[in-house]
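Participant: sequence unknown, structure follows:
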Ligand SMILES: Nc1ncnc2c1ncn2[C@@H]1O[C@H](COP(=O)(O)OP(=O)(O)O)[C@@H](O)[C@H]1O
Ligand SMILES: N[C@@H](CCC(=O)OP(=O)(O)O)C(=O)O
């Protein structure tokens, strides 16, 4: 079976502490995973966060600036560095990145959306190319932006008629906390209201979205017929087993079929 899979990877997976930079072994593992999936016939579209996080981490800046131009300049620096590292590791598999930096307006206005999606289809059709999408943080204006790549990836998965959307993050999916503080992975979500009750007010130090934005994105994707998974990007070498095998340490959200016509 070959499927179209949109894989979103979060800042928390890609970056390490301030002053340390991108976690290159993780990018290497991700590149291996993407190469294996592509070699078995799957079409892969990567949505990657990490532009701002990469710059903050590499420049050893501890606190995320609030000034918009300052943040946008960090995105410009980090995005270039991020793509350099992606190309280094994809290159070991004979693959190269096709970068698309998109704004809200590119995808929400009719004529532009069609052109953007045609470009994406042309990239997907090229052998040995992995499209890598991020929001164009250097120009996106606050009032008119997605702001988090969980939403952007759900939009891309929907417009691109993906079979699966995978949100790779720094935890094993949506976790439930038991009475003694122990956490367990919720393997399947069928009720979003119940799922949201598990969300805590915390997220990665350099991350933007948080778990609530992943659940919102999942809801958006499944409402459009795209099965969605939340999984641990640090264990991305197991992704095939999470999606198609026996590794249940991930959260799966399946579209509900429409009611039968009476
Ligand atoms: N119930 C929950 N299960 C798992 N993670 C949760 C939950 N509630 C809040 N979170 C937070 O969501 C984080 C994942 O989102 P985020 O930090 O934005 O990651 P990313 O950078 O991958 O987008 C976790 O590290 C955790 O701090
Ligand atoms: N577009 C931003 C990331 C936005 C975002 O959603 O970050 P995250 O919550 O880590 O997935 C960047 O590249 O820095």
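Facilitator: The structure has been received and is ready for your questions. What you are looking at is a predicted structure, and each value in this text was computed from that prediction instead of being measured. Residues are numbered from 1 along each chain as shown. Ligands and ions are numbered 1, 2, ... in the order given.
Participant: What is the neighbour count of residue 208?
Facilitator: Neighbours of residue 208 under the rule other CB atoms under 10 Å: 20. Quick note: C-beta positions are derived from backbone N, CA and C, even for glycine.
Participant: Leaving out sequence neighbours, find the closest residue to it.
Facilitator: On the basis of CB to CB, 6 or more residues apart in numbering, the spatially nearest residue to residue 208 that is not a chain neighbour turns out to be residue 148, at 4.9 Å.
Participant: Isn't that neighbour up against residue 215?
Facilitator: No - using CB atoms under 8 Å, residue 148 is not in contact with residue 215, being 12.0 Å away.
Participant: check which helix or strand covers residue 112.
Facilitator: Element membership of residue 112, judged by DSSP states H and E, is helix 110-125.
Participant: tell me what that helix is packed against?
Facilitator: The contact analysis (3 or more CB pairs under 8 Å, 6 or more residues apart in numbering; DSSP states H and E) places helix 110-125 against strand 43-48, strand 96-102, helix 104-108, strand 129-135, helix 149-159.
Participant: go again using 7 Å as the cut-off
Facilitator: Of the remaining helices and strands, those touching helix 110-125 by 3 or more CB pairs under 7 Å, 6 or more residues apart in numbering; DSSP states H and E are strand 96-102, helix 104-108, strand 129-135.
Participant: The host helix or strand of residue 221 close to ligand 2?
Facilitator: Secondary structure from DSSP H and E places residue 221 in helix 210-223. No - Helix 210-223 does not reach ligand 2 (CB under 6 Å from any ligand atom); its nearest approach is 6.9 Å.
Participant: which residues are contacting that helix?
Facilitator: 148, 150-151, 153-154, 157-158, 165, 167, 169, 174, 192, 195-196, 199, 203, 228, 230, 253-255 (CB atoms under 7 Å, 6 or more residues apart in numbering).
Participant: ditto for stretch 102-113
Facilitator: Contacts for stretch 102-113 (CB under 7 Å, 6+ apart): 116, 133, 135-136, 139-140, 144-146, 155, 159.
Participant: cutoff 6 Å now
Facilitator: If you take CB atoms under 6 Å, 6 or more residues apart in numbering as the criterion, stretch 102-113 is touched by 116, 136, 140, 144-146, 155.
Participant: quick one, longest helix in this structure?
Facilitator: Longest among the helix segments of the chain by residue count, using DSSP state H, is helix 68-91.
Participant: buried ones in that one?
Facilitator: 71-79, 81-83, 85-87, 89-90 (16 or more other CB atoms under 10 Å).
Participant: Same check on stretch 177-196?
Facilitator: Under 16+ other CB under 10 Å, the buried positions of stretch 177-196 are 185-186, 189, 195.
Participant: Also stretch 134-146?
Facilitator: Under 16+ other CB under 10 Å, the buried positions of stretch 134-146 are 134-138, 140, 145-146.
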